[in-house]
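Student: starting from these lines, generate the structure:
(chains A and B)
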Amino acid sequence: MRATLLIGVLAIALSACDDPEPIQYGTNPDLPEPERGLLPSMKIPRPALGGDELPTVPEGFTIEAIATDLLIPRQTLVLPNGDILVAEGRGGADAPALRPKDIIAGFIKGLGRTSVDSGDRLTLLRDADGDGSYETQGIFADNLNAPYGLALIDDGLYVANQDAVVRFDYREGQTEASSPPTTVTELPSMINHHWTKAMTASEDGRYLYVGIGSNSNITERGIVAEEDRAMVWQIDVETGMHRRYATGLRNPTALAIHPQTGELWAVVNERDEIGDNLVPDYLTSVEDGGFYGWPYSYWGQNVDPRAQPQDPDKVASAIAPDYSLGAHVAALGVDFSNPAMGEDFAEGVFVGQHGSWNRSVPVGFKVIFIPFRDDEPAGDPIDFVSGFLQDDGRTRGRPVGVTVDPRGALIVADDLANTVWRIAPEQTQPAAESPAAEPEVDES
Amino acid sequence: MAAISEPCRWRPLHPLHAILLAFPFPLFLGSLLSDIAYWRTYEIQWINFSQWLNAGGLLVGAFALLWALLGLFRRGTAGRSRRIAYFLVLLAMWIVGFIGALVHAKDAWATMPEGLYLAAVTAALALIAAWIGYSGFPAREMD
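Tutor: Alright, predicted model coming up:
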C-alpha cells in the first residue's frame, strides 16, 4: 500500500516537474505547516476559448460537445428516459465587498470566469434515437434563481436555487415545465458568499440532502454570518422540514449517494490562504451528525487559529475526511460510476475539478476518477477528462458537475466553455465516430 | 553670510498641504484603535473598519508625501534637513502603512498580532510627520 502511494506521488512529481510541491491526494495526505506571505498566491488561468481542440480522455473513450453556447452550465441530471437537464446560472451577487481586499480579489477572480450572463434556467437535451448526439435542445424552465442542485424523486423534479429548493411536476418525456415551481424549503441565502446549493435525494426518496457553503473563507465576515452555513441539510420531501445532517463542511459543492451502501458522499472545498498545499479539498462519506472541522480545524484536529474565539470541544469532535483531492483543485462535481462505464472505471467516483485560482502552480481543471474497493476509495486518481489547461497557462474550460448516465456515459458541465461534454466508451457508441464518416453510413 | 545672522523666518504649510497632512494621523490612529477593539472583542466589523481607515490614510497620505517630495526640490538650503526629515518620516509612514494594509488583508484572526503592531508604528510615524509639518519650515533667505 505504502509502495503504491510512493509510486503515485513520484509519478505526479514527474508529470508536473514545475510544481515544487505537488498536490497531495489519497486517504492520508501529509499536511505541510500553514504559511502565508504578505501577498496571497493568486494565479488565474485566463480563458482560451474558440479553439476546436477536444479535451483528452482515456483510450477507448470518445468525447463530444453535446450542447454549446449555454448560459453557465453547472450541474446536470440524467432523467429516466435519457434526457439531460442542465442547471445554468451564477449566484452570489449579494455578497457585499466589506474590505478593500474584497474589491481587488473580486476583480482578479473575475478574469478567469466566463463573461456570459447568468442563465437562471434549466435546459433540456434530448437524444431521441440514442445515437449519442443530442439533437434537441430546449428550455425546460427559466426565471430560476441561480439553480444548481438537481434531483428527481418519482414525479417531482427538485431544483436547488441559491435561496430555496423548488419542485416542478414532472412526467416522463416532458420537454417543458407545465407550471411554475412551488417552494419546498427556503435555504440560507443571506450574503451567499458560497452560493451553490448542491443536492441529491436519498435512495428511498424520503429526503433531499442540500449542501450549504460557508459565508466566508475563514469567518472573515464574522461568526454570525455562519449561522446555518457550512453544513448539509436533510429535508423531508413530504413536509419540507429540515434538520442539520452534518456540519463543519466548509463548502460542500456536490453530493451523491453511494449506489451500494446508500451512504451520502460529498466533495468539499476547503479553506484558502494558508499555503499551496493547505487545506486539501476532499471527498468523504458524510456521517449523520458528524462535524468536519470548519472553521475551527481542518483534516480532523489541525487547529486553524484564524477562527477566533476557538472551540476546543468542537475541534476534539472533528472527523477527518476520507480522501484528499489536493488543495485548491476546487472539486465541484461528484458522481458514482457503474459497470456500463467499462471494466477499468466500473467501481469508483468521478470528480469534476473547476481548477485553482489561488495556488502558485494551477491545479485541477480536469475530471478525475477515483477507484473504490469494498465501498471505500482505494488507489490513486486517474485523469478521466483533462487537457483543459494549456501549456501557455490559459485554460479551454473548467469542469463543474459530473453525472454518470446509466447507459454508460459521463456528462460533464463546463462553465467556462459554456459546453456540456459527453464521454462514452467507444465500443458502445457507434455513432460517436468522426462526423465525416456519418454520411457514408447513411448512404449505405 | 547675511542669512546666518538674520533671524530665521518660519513659514506654515500651504493650506492645501496642511489639509492633506491633516488626514493620516487621525485615520491611522482610528485604524489602531479599531485593531485594539478587534483584538479585545473578536468582533469582525472592527477589523473591516481598521482596513478602510488605513486605506484612507494611505490614499491621502500619498498626496501629502508627494508634496513633501516636491518640497525637497525647492531652491536654497534653508530648512533643507528639516524638509528631508519630514519627507523621510512620511515615506516611512506610508511604507509601514502599506505593509499593514497587506497584513490586514489576511482573513480574520490571521491579521493578529502583526497588524496591530504595524498600525501602532504607522500611527506613531504619522504623528511625528504631522508634528514636523505643522511646526513649519524655515523660509528661504529672499522670501
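Student: can you show me the helices along the chain?
Tutor: Looking at chain A here, since you left the chain open. Assigned by DSSP state H, chain A shows helices spanning A:2-15, A:100-110, A:312-317, A:438-443.
Student: hm, I was asking about chain B
Tutor: B:2-5, B:15-21, B:24-41, B:44-71, B:80-104, B:114-135.
Student: can I get these in a markdown table including mean neighbour count and mean pLDDT?
Tutor: C-betas here are computed from N, CA, C, even on glycine. As requested, these are exported to a markdown table (neighbours: other CB atoms under 10 Å in any protein chain shown; pLDDT from 0 to 100):
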| stretch | mean neighbour count | mean pLDDT |
| --- | --- | --- |
| helix B:2-5 | 8 | 48 |
| helix B:15-21 | 16 | 96 |
| helix B:24-41 | 21 | 98 |
| helix B:44-71 | 20 | 97 |
| helix B:80-104 | 19 | 96 |
| helix B:114-135 | 21 | 97 |
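Student: nearest to residue A:298, of those helices?
Tutor: Nearest to residue A:298, of all the helices of chain B, is helix B:44-71, at 20.0 Å by CB to CB.
Student: how about that closest one, does it get close to chain A?
Tutor: Yes: for helix B:44-71, a contact with chain A is found by CB under 8 Å from any CB of the partner chain, at B:44-45, B:47-48, B:51-52, B:55.
Student: just list what that helix packs against, helices and strands only.
Tutor: For helix B:44-71, the packing partners by 3 or more CB pairs under 8 Å, 6 or more residues apart in numbering or on different chains; DSSP states H and E come out as helix A:100-110, helix B:15-21, helix B:24-41, helix B:80-104, helix B:114-135.
Student: chain center to it, what's the gap?
Tutor: The chain centroid and the centroid of helix B:44-71 are separated by 8 Å, computed with CA atoms, centre = their mean, to the nearest Å.
Student: so where's chain A shaky on pLDDT?
Tutor: A:1-18, A:427-444 (pLDDT under 70).
Student: near chain B, which residues of it?
Tutor: Contact residues (CB under 8 Å from any CB) of chain A with chain B: A:36, A:38-40, A:98-101, A:216-223, A:273, A:305-309.
Student: and the gap between the residue nearest the centre of chain B and chain A?
Tutor: Residue closest to the mean C-alpha point of chain B, counted by CA atoms, centre = their mean, is residue B:126 at 3.3 Å. According to CB to the nearest CB, to the nearest Å, residue B:126 stands 19 Å off from chain A.
Student: contacts only, for the closest residue to residue A:308 other than its chain neighbours.
Tutor: In this structure, residue A:308 finds its nearest non-sequential neighbour in residue B:109, 4.3 Å apart by CB to CB, 6 or more residues apart in numbering or on different chains. By CB atoms under 8 Å, 6 or more residues apart in numbering or on different chains, the contact set of residue B:109 is A:305-308, B:42.
Student: residue A:383 now?
Tutor: Residue A:383 sits next to A:56, A:58, A:366-369 when contact means CB under 8 Å, 6+ apart.
Student: farthest-separated two in those residues?
Tutor: A:56 and A:369 (13.4 Å).
Student: neighbour count winner among those two?
Tutor: Counted by other CB atoms under 10 Å in any protein chain shown, residue A:56 and residue A:369 do not tie: residue A:369 has more neighbours, with 22 against 14.
Student: residue ranges of the strands in the stretch 151-300 of chain A, please?
Tutor: Applying DSSP state E, counting those that start in this stretch to the stretch 151-300 of chain A gives strands spanning A:156-160, A:164-169, A:182-186, A:197-201, A:207-212, A:231-236, A:242-247, A:251-257, A:264-269, A:280-285, A:297-298.
Student: close to chain A: what parts of chain B are there?
Tutor: Applying CB under 8 Å from any CB, one finds that chain B approaches chain A through B:42-45, B:47-48, B:51-52, B:55, B:99, B:101-110.
Student: again, only using 6 Å
Tutor: Residues of chain B lying close to chain A by CB under 6 Å from any CB of the partner chain are B:42, B:44, B:48, B:51, B:55, B:102, B:105, B:107-110.
Student: which among the residues you listed gets closest to residue A:259?
Tutor: Nearest to residue A:259 out of the residues of chain B next to chain A is residue B:107 (CB to CB; 38.5 Å).
Student: you'd agree that closest one is up against residue A:219?
Tutor: No: in this structure residue B:107 lies outside contact range of residue A:219 using CB atoms under 6 Å: 7.7 Å.
Student: re the thing from before, of all the helices and strands packed on helix B:44-71, which one is nearest residue A:401?
Tutor: So among the helices and strands packed on helix B:44-71, helix A:100-110 is nearest, using CB to CB, at 19.9 Å.
Student: quick one: contacts of that closest one?
Tutor: For helix A:100-110, contacts defined as CB atoms under 6 Å, 6 or more residues apart in numbering or on different chains pick out A:42, A:97, A:357, B:51, B:55, B:105.
Student: tell me the buried residues in that helix?
Tutor: The neighbour-count check on helix A:100-110 (16 or more other CB atoms under 10 Å in any protein chain shown) flags A:100-102, A:105 as buried.
Student: can you pick out the most distant pair from these?
Tutor: A:100 and A:105 (9.6 Å).
Student: give me the most central residue, chain A.
Tutor: Nearest to the mean C-alpha position of chain A, counting by CA atoms, centre = their mean, stands residue A:332 at 1.7 Å.
Student: ok, it - contacts?
Tutor: Applying CB under 6 Å, 6+ apart, the residues contacting residue A:332 are A:253, A:352, A:354, A:400.
Student: got it, and residue A:334?
Tutor: Neighbouring residues of residue A:334 by CB under 6 Å, 6+ apart: A:254, A:256, A:267, A:349, A:351.
Student: go again using 7 Å as the cut-off
Tutor: A:254, A:256, A:265, A:267, A:283, A:349, A:351, A:402 (CB atoms under 7 Å, 6 or more residues apart in numbering or on different chains).
Student: distance of the last one relative to chain B?
Tutor: Using CB to the nearest CB, residue A:402 is found at 30 Å from chain B.
Student: quickly list what that residue is bridged to.
Tutor: Beta-bridge pairing of residue A:402 under DSSP bridges involves residue A:412.
Student: of the buried residues of helix A:100-110, which is the nearest to chain B?
Tutor: Using CB to the nearest CB, residue A:101 is the member of the buried residues of helix A:100-110 that sits closest to chain B, with 4.1 Å.
Student: neighbours around residue A:89, how many?
Tutor: Neighbour count of residue A:89, defined by other CB under 10 Å: 25.
Student: pretty sure it sits against residue A:117.
Tutor: No: the criterion here is CB atoms under 7 Å, and residue A:89 misses it with residue A:117 at 9.3 Å.
Student: for residue B:75, report the pLDDT, please.
Tutor: With respect to pLDDT, residue B:75 has a value of 77.
Student: whoops, I mixed them up, residue B:142
Tutor: For residue B:142, the pLDDT comes out at 42.
Student: want to throw the strands of the stretch 151-300 of chain A into a markdown table with mean neighbour count?
Tutor: Shown next, in a markdown table, are the strands of the stretch 151-300 of chain A (neighbours: other CB atoms under 10 Å in any protein chain shown):
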| stretch | mean neighbour count |
| --- | --- |
| strand A:156-160 | 25 |
| strand A:164-169 | 19 |
| strand A:182-186 | 16 |
| strand A:197-201 | 27 |
| strand A:207-212 | 26 |
| strand A:231-236 | 21 |
| strand A:242-247 | 18 |
| strand A:251-257 | 26 |
| strand A:264-269 | 27 |
| strand A:280-285 | 24 |
| strand A:297-298 | 26 |
